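Undergrad: Fold the following, please.
(2 chains)
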Amino acid sequence: DTAVSQTPKYLVTQMGNDKSIKCEQNLGHDTMYWYKQDSKKFLKIMFSYNNKELIINETVPNRFSPKSPDKAHLNLHINSLELGDSAVYFCASSPPNRRYKSDTQYFGPGTRLTVL
Amino acid sequence: AQSVTQPDIHITVSEGASLELRCNYSYGATPYLFWYVQSPGQGLQLLLKYFSGDTLVQGIKGFEAEFKRSQSSFNLRKPSVHWSDAAEYFCAVGAQGGSEKLVFGKGTKLTVNP
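TA: Prediction:
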């Protein structure tokens, strides 16, 4: 299936641990994103990569580090996890737009992170 | 800076009734506008989008939305709601001119009564 996929779907871990979430898209898109959805369902962009290059970096703690080994993958590594990191993390991708840099964003199924 | 307001946190309608979900945006230039739907435990699915041209856009699942520049609005409508439409609906605005940043509203939860 052509899609944006994320692993794992659920992640439960202790405070202070380091964890990674993986994202892959086989849509041939150039731009990938990470979003955080908090407990009130509010969605906020964290990072955006275009062709493996970081283009958006919102005010996110530097414990969060995105890594893009190629344009089909964008992983999110989180160091020293805190209780407040508990959320659903969504990966998304978008194709290039002839007039503008990006087009519609397609979202993955999400990773629910619970920090105990 | 861009912002999106969805004034209704929760809306309840009866199956078969019409639906309108409100969305107001704040952006200086002509915006990209989107409506996404999120079913429980799922990711976001695009319903429709407006980039330019005809201000009434048709989407999937029988939804439509109308861009009104004078009111800075992009309201989502459906003439007859089905029980399967129960979900969270998000309006989003993106900037033109090369920005990939989408700003989302806080969402409207739709409950459909039988």
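
Undergrad: Scan the helices and strands of chain B for the one with the lowest mean pLDDT.
TA: With mean pLDDT, DSSP states H and E as the measure, the helix or strand of chain B carrying the lowest mean pLDDT is strand B:102-104 (a mean of 88).

Undergrad: quick one, strands of the chain?
TA: This is for chain A. Per DSSP state E, chain A carries strands over the ranges A:4-7, A:10-13, A:19-25, A:31-37, A:43-50, A:53-57, A:64-70, A:73-78, A:87-94, A:106-107, A:111-115.

Undergrad: please go with chain B instead
TA: Defined through DSSP E, the strands belonging to chain B, from first to last, are B:3-5, B:10-14, B:19-21, B:24-26, B:32-38, B:44-50, B:56-58, B:64-68, B:73-78, B:87-94, B:102-104, B:108-113.

Undergrad: Give the ranges of residues in chain B that sit below the confidence cut-off.
TA: Counting by pLDDT under 70, chain B contains low-confidence ranges at B:95-100.

Undergrad: tell me the residue furthest from the middle of it?
TA: Distance from the centre of chain B peaks at B:Pro114, with 23.2 Å (Cα atoms, centre = their mean).

Undergrad: pretty sure it is in contact with B:Gly16, am I right?
TA: No: with contacts counted by Cβ atoms under 8 Å, B:Pro114 stays clear of B:Gly16, the gap being 9.8 Å. Every residue, glycine included, has its C-beta placed from N, CA and C.

Undergrad: how about the nearest residue to the spatially most central residue of chain B, chain neighbours excluded?
TA: For chain B, the residue whose C-alpha lies nearest the mean C-alpha position (Cα atoms, centre = their mean) is B:Trp35; its distance is 3.4 Å. Closest residue in space to B:Trp35, ignoring its immediate chain neighbours: B:Leu47 at 4.4 Å, by Cβ to Cβ, 6 or more residues apart in numbering or on different chains.

Undergrad: quick one: contacts for that neighbour?
TA: Contact criterion Cβ atoms under 8 Å, 6 or more residues apart in numbering or on different chains gives B:Trp35, B:Tyr36, B:Val37, B:Gly59, B:Ile60, B:Lys61, B:Phe63, B:Ala65, B:Leu76, B:Tyr89 as the residues in contact with B:Leu47.

Undergrad: now with 7 Å?
TA: With contacts taken as Cβ atoms under 7 Å, 6 or more residues apart in numbering or on different chains, B:Leu47 has the following neighbours: B:Trp35, B:Tyr36, B:Val37, B:Gly59, B:Ile60, B:Lys61, B:Phe63.

Undergrad: Next, give me the two most distant ones among these.
TA: For these, the maximum inter-member distance is 12.1 Å, found between B:Tyr36 and B:Lys61 (Cβ to Cβ).

Undergrad: Among the two, which residue is more densely surrounded?
TA: A side-by-side neighbour count of B:Tyr36 and B:Lys61, using other Cβ atoms under 10 Å in any protein chain shown, places B:Tyr36 first with 24 against 12.

Undergrad: what's the nearest residue to that one if we skip its chain neighbours?
TA: B:Tyr36's closest residue in space is B:Leu44 (Cβ to Cβ, 6+ apart), at 4.2 Å.
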